[in-house]
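Enquirer: Just need the structure, nothing else, for what follows:
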Amino acid sequence: MLASPYVMGKLGRIARGDYSPEFSLNLALKDVNLALDALNGSPHPVFRTLAHDWWDATTSGLGGEDLTVITRTLAAQS
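Expert: You can find the predicted model right below:
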């Protein structure tokens, strides 16, 4: 697999079920909302979808977990 050390590390943590925060979902949501604000209302479906999915996960109590915890919520949706 061609992937950066960062991605390989994250994939390993996901495989082990380790969602202890390195970069919390709360912080990732803050950043995606800042990006949406910077777009000044321009449509950007990827950021809007991220913000929606990440908001749902944080309101479910996962905001303090690593942002990779989103993989659990996405798996549950399929």
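Enquirer: Tell me where the chain has strands.
Expert: Here the chain has no strands by DSSP state E.
Enquirer: Just want the most central residue of it.
Expert: Residue closest to the mean C-alpha point of the chain, counted by CA atoms, centre = their mean, is residue 67 at 4.1 Å.
Enquirer: Tell me the confidence at the closest residue to it other than its chain neighbours?
Expert: Spatial nearest neighbour of residue 67, excluding adjacent residues (CB to CB, 6 or more residues apart in numbering): residue 28 at 4.2 Å. Where you see a C-beta, it was placed from the backbone N, CA and C, and this is true even at glycine. Model confidence at residue 28, given as pLDDT, is 96.
Enquirer: Residue 40 too?
Expert: If you check residue 40, the pLDDT there is 85.
Enquirer: next one: residue 74
Expert: pLDDT, residue 74: 87.
Enquirer: right, and it touches residue 50 too?
Expert: No. Residue 74 is beyond contact range of residue 50, at 11.3 Å (criterion: CB atoms under 8 Å).
Enquirer: between these two, who's got more neighbours?
Expert: Neighbours per residue (other CB atoms under 10 Å) separate residue 74 from residue 50, with residue 50 holding more: 19 against 11.
Enquirer: What does the pLDDT read for residue 34?
Expert: So residue 34 comes in at 93 (pLDDT).
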